[in-house]
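J.: after the sequence you'll find the predicted model.
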Amino acid sequence: MEKIPSGACKTLHLVRHAQGMHNLESEKSRDPLTSFEFFDAQLSSQGWQQVRQKRKDVCANGLLKRIELVITSPMSRTLQTAVGIFHGEDQPELSDVTSYEEGNGRISDNDQQPTFNRPPIIALEVCRERLIENEDDILWEANKREPFGDVLARGMKFIN
């Protein structure tokens, strides 16, 4: 077997979203996955604490500097987790980021390399936990969840 050159490989890190309001509901012995109220749940206060801690961890261990791309579901809790961890508060304001020229990662005003990393975040529908294909949620059923096989098939489609 041939050795793969080190530059030809990418490392994939999987991060589950932080605690959401739907997780709190499930602790009350309710099934939030069948409740429209919790379909697109926000992060809980504990979830935000988890995000801040994970942000500190990825900054402290140098991982943030090596992240090239963040791919997430368009669900609120996953977007909040991704933005909180990878675009956290300890970096310059968003206006500083928007001054970058597309493609070269340099600050257009003085052409210096940035000292921080804000990897692009892409939200893909195929990453959604439960796929809803219509804004009016005509496919959502309170007592039926998407079969595991369908979730697996979406995952394989995404990887391929």
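T.: That came in fine, so what should we check first?

J.: all strands of this protein, in order?
T.: Here the chain has its strands, by DSSP state E, at 70-72, 121-123.

J.: and those strands, which one averages the lowest pLDDT?
T.: Comparing mean pLDDT across the strands of the chain, the lowest value falls on strand 121-123: a mean of 84.

J.: for the strands of the chain, which one sits closest to M21?
T.: If you check each of the strands of the chain against M21 by C-beta to C-beta, strand 70-72 wins as the nearest, at 17.9 Å. Placement of C-beta: from N, CA and C, glycine included.

J.: show me where this structure has helices.
T.: Secondary structure of the chain (DSSP state H): helices at 21-27, 45-60, 76-86, 94-97, 148-159.

J.: what's the most buried one of those?
T.: Across these, averaging neighbours per residue (mean count of other C-beta atoms under 10 Å) puts helix 76-86 on top, at a mean of 21.

J.: quick one: that helix to helix 45-60, angle?
T.: Orientation check (axes from the mean of the first three to the mean of the last three C-alpha atoms, to 10 degrees): helix 76-86 against helix 45-60 gives 30 degrees.

J.: what pLDDT, on average, does helix 76-86 get?
T.: Confidence over helix 76-86 (mean pLDDT, whole number) is 91.

J.: what is that helix packed up against?
T.: helix 45-60, strand 70-72, strand 121-123 (3 or more C-beta pairs under 8 Å, 6 or more residues apart in numbering; DSSP states H and E).

J.: make JSON lines from the helices of the chain and add distance to F38 to it.
T.: Formatted as JSON lines, the helices of the chain follow (distance: least, C-beta to C-beta, whole Å):
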{"stretch": "helix 21-27", "distance to F38": "4"}
{"stretch": "helix 45-60", "distance to F38": "13"}
{"stretch": "helix 76-86", "distance to F38": "10"}
{"stretch": "helix 94-97", "distance to F38": "29"}
{"stretch": "helix 148-159", "distance to F38": "18"}
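
J.: so which of those gets nearest G7?
T.: helix 148-159 (21.3 Å).

J.: so for that closest one, mean pLDDT?
T.: 79.

J.: could you dump the strands of the chain to JSON lines with distance to P5 and mean neighbour count?
T.: Below are the strands of the chain laid out as JSON lines (distance: least, C-beta to C-beta, whole Å; neighbours: other C-beta atoms under 10 Å):
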{"stretch": "strand 70-72", "distance to P5": "24", "mean neighbour count": "18"}
{"stretch": "strand 121-123", "distance to P5": "26", "mean neighbour count": "14"}
